[in-house]
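> quick check, what structure comes out for this input:
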Amino acid sequence: MEHNPNSSRTDRKLIERNRRNQMKALYSKLNSLIPHHNSRESTSLPDQLGEAANYIKRLQTNLERMKERKDSLLGVERSMNTSRSSGPRSPQIMIQEMGSSLVIGLTTCSSSQFIFNETIRILHEEGAEIVNASFSVVDDTVFHTIHLTVAVSYAPDYGAAARISERLQKFVNDIADA
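Model (predicted):
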């Protein structure tokens, strides 16, 4: 078998050109995946690769930080679960006053839905306007959040927030003592 030296040289050149084109396309694809601060400037290939490496390192660092945060939050949840398993938990209430608005955080077990209903009844009795109420459930614990306003535009009641806080605290404490 005879090989033509020009033919093999041409084949090598073609193979090398295809390899370069493929590498160029891959570099371009990699560069398109990286957020750029100054997109007007064209950066050299080594700079693009350095930028990509730094971006990947930042992503890895952020991922590790998020994993640690998740683990710490799950650790808090696990500690709550172990304390919960020792017996029935009494409800907890947190009230934050912000001017004429209140934010109420109520934590109950899932079998104590009446506590939320009674809280809403107390708020209505006090003339509070409930702006938003939401809840989330984790295992057997229900976290309620209630946003409300206590001041009426024509006659602001400056003692309403304190009165509502006092009534709700008394209600929750009476349940806890029972």
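
> buried ones in the longest helix belonging to the chain?
The longest helix of the chain (DSSP state H) is helix 45-84. Neighbour counts over helix 45-84 (16 or more other Cβ atoms under 10 Å) mark Q48, E51 as buried. Where you see a C-beta, it was placed from the backbone N, CA and C, and this is true even at glycine.

> packing partners for that helix?
helix 5-32 (3 or more Cβ pairs under 8 Å, 6 or more residues apart in numbering; DSSP states H and E).

> L45 against Y27, yeah?
Yes: using Cβ atoms under 8 Å, L45 is in contact with Y27, at 6.2 Å.

> anything in contact with each of those two?
Shared contacts of L45 and Y27 (Cβ atoms under 8 Å, 6 or more residues apart in numbering): none.

> by contact count, what packs against the helix or strand following the longest helix of the chain?
Using DSSP states H and E, the next helix or strand after helix 45-84 towards the C-terminus is strand 92-98. Contacts defined by 3+ Cβ pairs under 8 Å, 6+ apart place strand 92-98 against strand 101-109, helix 160-177.

> one step back: just want the angle from the longest helix of the chain to strand 101-109.
60 degrees (axes from the mean of the first three to the mean of the last three Cα atoms, to 10 degrees).

> what angle sits between helix 45-84 and helix 5-32?
Using the same axes, to 10 degrees: helix 45-84 against helix 5-32 is 40 degrees.

> how many neighbours does H36 have?
13 (other Cβ atoms under 10 Å).

> swap that for L102, please
As a measure of burial, L102 has 23 neighbours, counting by other Cβ under 10 Å.

> what does S44 give?
Count around S44 with other Cβ under 10 Å applied: 8.

> again with E166
Neighbour count for E166, taken as other Cβ under 10 Å: 12.

> might you list the low-confidence residue ranges for the chain?
Scanning the chain for pLDDT under 70 picks out 1-3, 5, 37-41, 76-89, 151-158, 178.
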